[in-house]
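Trainee: give the three-dimensional model of this entry:
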Amino acid sequence: MKKYLLLFSIFLTSISYAQKNIAGKEFTTKIGSICEETPEPVKCSGSTDYLVLKFKNKSVDVIEKRLKCNEEQILHKNNFIWRIVKNKIDIQIPSNNQSSFIKNLDLRIKNNQLIGYKEDWQKKKREYIFTQK
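Mentor: The predicted structure follows:
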């Protein structure tokens, strides 16, 4: 019995350590880009979308933003509760949430790297590698 309690306490400690290791950090990944066809060449005819995750102790700011011609547009910004279960980051998203990309995004920690997995519009599983800011 003591052996199981010891293993359980080690497991909880490792989860707590992993959560503290991410808290206070910001991660970004490119989630898409838009190319606009124009009759004449235009430098700023396209845009790039990013997902930004700003982790706090128990909550995470989830920001979807668009960059176009060095101008930033916030598409969605929300704050959710999060926790780590094994190596998976569980973000508790209410069903009425309007953010589009974070829904069904499978976030995992692999080799100290934050990676997201999500099916694209063709039902192919895509990998999103986050960089720490």
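
Trainee: going forward, measure contacts and count neighbours with C-alpha atoms only.
Mentor: Fine.

Trainee: can you give me the strands in the protein?
Mentor: Ranges of strands in the chain, per DSSP state E, are 26-34, 47-55, 59-68, 71-85, 88-92, 106-110, 113-119, 125-129, 131-132.

Trainee: other SSEs contacting the last one?
Mentor: Read it as strand 131-132. When contacts are defined as 3 or more Cα pairs under 8 Å, 6 or more residues apart in numbering; DSSP states H and E, strand 131-132 packs onto strand 26-34.

Trainee: likewise the fourth one?
Mentor: In terms of contact count using 3+ Cα pairs under 8 Å, 6+ apart, strand 71-85 is assigned the packing partners helix 2-22, strand 59-68, strand 88-92.

Trainee: neighbouring strands of it in the sheet, and parallel or not?
Mentor: Strands that pair with strand 71-85, judged by DSSP bridges, come out as strand 59-68 (antiparallel), strand 88-92 (antiparallel).

Trainee: so who does the most centrally placed residue in the chain touch?
Mentor: In the chain, the residue lying closest to the centroid (Cα atoms, centre = their mean) is Leu53, at 5.2 Å. Leu53 sits next to 26-28, 60-63 when contact means Cα atoms under 8 Å, 6 or more residues apart in numbering.
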